[in-house]
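S.K.: Need the 3D shape of this:
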Amino acid sequence: MVRLGLTLLAAMALAAAAGIEGVPTDSRLYGDFDLLKTSGLIHSMPATSRPWTRGECVRLLLEASGASPNSLGPAQLAALRRLEFEFGSELPAPPARHPLVRIPVSDLGNDEARCDFFSRVGATLDTQRLSLGAVINNRPDKDFVFYERFELTGWNPRIIETQLPTDSSGTHIPGMRYLPWRDLVTLETEVAYLAFRLPWLRLELGRDEFVWGPGYTGSVMLDDNAPALDHVQLCASYRNFKFVSFTSLLSRWGMKPRWLAAQRLEVSLWNRLTLGGAMMSVTSWDELQPRQLGGLINPLIPILLTTANTSMTDNALVGVDAVCYLPRTKLYGQLFLDNYEFNDLKRAPNAVGLQGGAYWTPNLPLEARLEYTRVTAFTYYHRVHYVMYENFLTPLGHPLGPDADQLFATVNVIPNDWLKVSIGADYTRRGYHNRGDYLRKSYKDTLDWWYLRQHDEFPTRGWDTLSNTVTEEVDKTIRIAPGIEIRALRDLFVSLSVGLWRSHNHQGAVGLNKNGVDLALKVEYRY
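M.R.: Numbers count the residues shown, from 1 in each chain. Now for the predicted structure:
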């Protein structure tokens, strides 16, 4: 017991000076922490915004490592071993994951520059891709960190550049900011930043991804679905409080520059409940005058004060969310308001994103999740197109997009630390304003009395402009997807799933019912 206590004290000392490098938002490690917290092995409240720093992760891991072995089932033990291996270099207990290249920095003690390589394979029946990437960073990283992750990807079939749609941001692969080299290869740098520790604060400059809110299939508030954001970020955290503010440059709309200013506050209570709230504003200005940018680049000025009484055109957005932990159960929800009007004028229909879910980790080798997401028509797509809540015409919120909802459920069986067998199912509806380009997805005609008076429904149906009658164009799809995940080696992750689906009014074609099978293979090495 004395040795264990000394080990924990030494580990706490290391955690107090642990790194400020962020863990990428798409890392599977977040799922491991979620499992351990819901299982009662972690007492502190994890943040509901990502990315987390490595220091935050180490502190949570230390709590889980001190739990009684009797409380560890196969699923919890598997998660704990993965986390201990990933963060082993920050803990006084081997084994630890080390980069493939380490270069000492002279005159800086134990400091070193590091380079690690990774590879990913993704394959479906329609598309296959293979990537090789590298992560460059420094350690130790308690006061300063540089981080860069770039990835070279080959695509099959080839991406024909002349067939790509042209939008206000130019020509690029949908969902990306890039064009392929010779229609075959892309080189991405989606995460690259400098971060500094200041008293009580963390300052970040560069390009990074964000997820705000507790959703599993995605966040209706702010997600990493779109290309990463070039930004200036300020983060302050102390005990049960966390404040994040950033200003980001979005893709241009024609000749108009656009900015996203966002602020979020999280408060945790009784180690059971976390409440979060956020304000966001997508802003453009009519004159290319830098004097109008002053308030936006200052993360301490509330965005509503920044845009009030100016010549800027802006779209103000508000979101709230909550997470509550009960024994072996996590309950969560979030609400997102876009272009919401608290009056009877209704120049455009109110746009709302809503999500609620439950996560269950019984004292058995399994976990289960149920989640419902609903995004009404015109959410993310403002009636003023150049202040839409998007980046390179990809919504900054949930990947469902507007005018859609989804009921998602999954059960995972985890018999040991290298195998997970899952069965998932979802029921998804997509309305008329979910398909097509931004012209259909956004509300554009404030004089459309027919829609406002006759077509206030969810999900929305299309209408015949000749006869002024609605037509049933809602795509309703049910899917069942068994899958398997194998961690053959510490650094190798393999996932295979088979999706069996049936669609009514497939892709909005009235009367077209279609069945299908999807195969998805994912292989990650050192990612």
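S.K.: Show me the shaky parts of the stretch 1-150 of the chain.
M.R.: Confidence mapping of the stretch 1-150 of the chain against pLDDT under 70 gives the ranges 1-17, 94, 108.
S.K.: now the strands for it?
M.R.: Taking DSSP state E, counting those that start in this stretch as the test, the strands found in the stretch 1-150 of the chain are 49-50, 101-104, 112-124, 128-139, 144-156.
S.K.: Deepest in the core, which of the ones you listed is it.
M.R.: Per residue and on average, the most neighbours among the strands of the stretch 1-150 of the chain fall to strand 49-50, with a mean of 24 (mean count of other C-beta atoms under 10 Å). The way it works is simple: take the backbone N, C-alpha and C, and place the C-beta from them, glycine included.
S.K.: mind listing what that strand pairs with, with the direction of each?
M.R.: The strands beside strand 49-50 in its sheet (DSSP bridges) come out as strand 211-212 (antiparallel).
S.K.: residues making contact with the partner strand?
M.R.: Applying C-beta atoms under 8 Å, 6 or more residues apart in numbering, the contact partners of strand 211-212 are 25, 48-51, 219, 221-224, 262, 264, 276, 278, 319, 321.
S.K.: for that strand, what is the average pLDDT?
M.R.: Per-residue pLDDT values across strand 211-212 average out to 96.
S.K.: likewise stretch 385-394?
M.R.: Averaging pLDDT along stretch 385-394 gives 89.
S.K.: what do you get for stretch 249-268?
M.R.: Per-region confidence: stretch 249-268 scores 89 on mean pLDDT.
S.K.: for that stretch, which positions count as buried?
M.R.: Residues of stretch 249-268 classed as buried: 250-251, 253, 258-266, 268 (neighbour count, 16 or more other C-beta atoms under 10 Å).
S.K.: May I have it as CSV, with CA atoms only?
M.R.: Only the C-alpha atoms of stretch 249-268 are listed here, as CSV (Å, rounded to 0.1, in the frame of the first residue of the first chain):
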residue,chain,number,x,y,z
LEU,A,249,-11.3,32.3,-40.7
LEU,A,250,-13.9,30.4,-42.8
SER,A,251,-14.0,29.7,-46.5
ARG,A,252,-14.8,32.8,-48.6
TRP,A,253,-18.2,33.4,-50.2
GLY,A,254,-17.2,34.7,-53.6
MET,A,255,-15.3,37.9,-52.7
LYS,A,256,-16.6,38.1,-49.2
PRO,A,257,-14.4,37.1,-46.3
ARG,A,258,-16.2,35.3,-43.5
TRP,A,259,-15.3,34.7,-39.8
LEU,A,260,-16.6,32.4,-37.1
ALA,A,261,-16.4,33.8,-33.5
ALA,A,262,-17.3,31.3,-30.8
GLN,A,263,-17.4,31.1,-27.0
ARG,A,264,-18.3,28.3,-24.7
LEU,A,265,-18.6,27.9,-20.9
GLU,A,266,-18.8,24.6,-19.0
VAL,A,267,-19.7,24.2,-15.3
SER,A,268,-19.5,20.8,-13.5
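S.K.: and it, how far out from the chain's middle?
M.R.: Taking C-alpha atoms, centre = their mean, to the nearest Å, one finds stretch 249-268 lying 15 Å from the centre of the chain it belongs to.
S.K.: quick revisit: which two of the buried residues of stretch 249-268 lie the greatest distance from each other?
M.R.: Greatest spacing in these, by C-beta to C-beta: Trp253 and Ser268 (38.3 Å).
S.K.: Pull up the gap between Arg82 and Glu485, please.
M.R.: 12 Å (C-beta to C-beta, to the nearest Å).
S.K.: Restrict the helix or strand where Ala278 lies to CA atoms and write it as PDB.
M.R.: Element membership of Ala278, judged by DSSP states H and E, is strand 273-285. These are the backbone C-alpha positions of strand 273-285, laid out as PDB (Å, rounded to 0.1, in the frame of the first residue of the first chain):
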ATOM      1  CA  LEU A 273     -23.600  17.000 -13.800                       C
ATOM      2  CA  THR A 274     -22.000  19.200 -16.400                       C
ATOM      3  CA  LEU A 275     -23.800  22.100 -18.000                       C
ATOM      4  CA  GLY A 276     -22.500  23.800 -21.200                       C
ATOM      5  CA  GLY A 277     -23.500  26.800 -23.100                       C
ATOM      6  CA  ALA A 278     -22.100  28.400 -26.300                       C
ATOM      7  CA  MET A 279     -22.600  31.500 -28.500                       C
ATOM      8  CA  MET A 280     -21.400  31.600 -32.100                       C
ATOM      9  CA  SER A 281     -21.500  34.100 -34.900                       C
ATOM     10  CA  VAL A 282     -20.700  33.800 -38.500                       C
ATOM     11  CA  THR A 283     -19.900  37.200 -39.700                       C
ATOM     12  CA  SER A 284     -19.100  39.000 -42.900                       C
ATOM     13  CA  TRP A 285     -18.700  42.700 -43.700                       C
END
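S.K.: returning to that earlier point: tabulate the strands of the stretch 1-150 of the chain (JSON lines), appending distance to His504.
M.R.: As requested, those are arranged in JSON lines below (distance: least, C-beta to C-beta, whole Å):
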{"stretch": "strand 49-50", "distance to His504": "36"}
{"stretch": "strand 101-104", "distance to His504": "53"}
{"stretch": "strand 112-124", "distance to His504": "23"}
{"stretch": "strand 128-139", "distance to His504": "29"}
{"stretch": "strand 144-156", "distance to His504": "32"}
